[in-house]
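[1] give me the fold of what follows.
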Amino acid sequence: MTPDEFVALLRDHWPQTLAALDPADREELAVLLQGLASATDPQAVQAALRRLRRLLRALPDEHPVTLALRGSVRFAGAPDGPEVDRVPVLALLATLHAPPASPDPVRARLLAAPSLPAAEVAAGPGEPGLIRLRHPELGDRYPRFQFAAGTARPLAVVGRINRLLMADRDPWGAADWWLGRNRWLRGVPAELLGSVPDEELTRAARELVEGD
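    Residues are numbered from 1 along each chain as shown. Coordinates of the predicted model:
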């Protein structure tokens, strides 16, 4: 693999690579890329690439960059001249230093609601139809309203309604129904669990589905 092929590999899988690295590794990645961009001789380029390769060992085994590097023993390049095109390296650096994109306000609101981590839910009895939301920093989260108070035991009525709302296909839409104000119920469905009959909550969800 040549140095330019290595940079192209990073570019092609850049979002997945950043998502798989923790904040400290991303900071180190920025430093190493800067070192690669400023390298002025083949030896410095090779040294920067070796350090980058060591850092990328933190990626999961199934990551496409890991799989591509696994079959590559060393970097190849001309011994008497620059070995890497700095333009794409600087482009990657620019994305690292760019301000983060503004989050979707609806998803941000849903992710701010109380939730349980996937590990805690997996330890419970389980229930088909639970809403699972992907948090960009915390991983998979399950909105807390789906469980009996103080436990990871799913509420049967939530599972039934989630299936009506096709939460397996559109977890964000289902979560928005539960956590948004419902005109038919005159309240927020998640807050009405236990105080409004299950049948009434189910009718409200069915009204939405059949109305579509």
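[2] mind checking which helix or strand of the chain has the lowest mean pLDDT?
    Confidence across the helices and strands of the chain bottoms out at helix 118-122, with a mean of 79, counting by mean pLDDT, DSSP states H and E.
[3] hmm, residue 9 is touching residue 66, no?
    No - with contact defined as CB atoms under 8 Å, residue 9 does not count as touching residue 66 (10.5 Å). Backbone N, C-alpha and C define where each C-beta goes, glycine included.
[4] ok, back up a step: now do the least confident helix or strand of the chain: distance to the chain's middle.
    Computed by CA atoms, centre = their mean, to the nearest Å, the chain-centroid distance of helix 118-122 equals 17 Å.
[5] using CSV, write down the CA coordinates of it.
    Presented in CSV, the C-alpha positions along helix 118-122 are these (Å, rounded to 0.1, in the frame of the first residue of the first chain):
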residue,chain,number,x,y,z
ALA,A,118,-28.1,-1.1,26.2
ALA,A,119,-26.1,-3.2,28.6
GLU,A,120,-28.6,-2.7,31.4
VAL,A,121,-31.5,-3.6,29.2
ALA,A,122,-29.8,-6.7,27.9
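[6] buried residues, it. List them.
    Neighbour-count burial for helix 118-122, with 16 or more other CB atoms under 10 Å as criterion, is recorded at 118, 121.
[7] list the buried residues of the strand of greatest length in the chain.
    Longest among the strand segments of the chain by residue count, using DSSP state E, is strand 139-143. By neighbour count on 16+ other CB under 10 Å, the buried set for strand 139-143 is 141, 142, 143.
[8] let's see the pLDDT reported for the first one.
    The per-residue pLDDT reported for residue 141 equals 88.
[9] so how far is residue 19 from the residue nearest to it when sequence neighbours are not counted?
    Leaving aside its sequence neighbours, residue 141 sits nearest to residue 115 (CB to CB, 6 or more residues apart in numbering; 4.0 Å). Using CB to CB, to the nearest Å, residue 115 is found at 19 Å from residue 19.
[10] what is the burial count for the residue nearest to residue 141?
    Burial measure for residue 115: 24 neighbouring residues, criterion other CB atoms under 10 Å.
[11] same deal with residue 160?
    15.
[12] leaving aside the residues adjacent along the chain, what's closest to it?
    Excluding the flanking residues, the one nearest residue 160 by CB to CB, 6+ apart is residue 202, at 6.3 Å.
[13] if I look at the one you found, how far off is residue 163?
    In terms of CB to CB, residue 202 sits 11 Å off from residue 163.
[14] and for residue 117?
    For residue 117, the distance to residue 163 (CB to CB) stands at 23 Å.
[15] mind checking the end-to-end distance for stretch 96-114?
    The first and final residues of stretch 96-114 sit 30 Å from each other (CA to CA, to the nearest Å).
[16] is it true that residue 130 lies in a helix?
    No - counting by DSSP: H, G, I helix; E, B strand; the rest coil, one finds residue 130 to be coil, located in no helix.
[17] and it, how many neighbours?
    When neighbours are counted by other CB under 10 Å, residue 130 registers 22.
[18] quick check, it in contact with residue 156.
    No - the criterion here is CB under 8 Å, and residue 130 misses it with residue 156 at 11.5 Å.
[19] what comes up buried for stretch 43-59?
    Under the neighbour-count rule (16+ other CB under 10 Å), stretch 43-59 has 45, 46, 48, 49, 52, 53, 55, 56, 59 buried.
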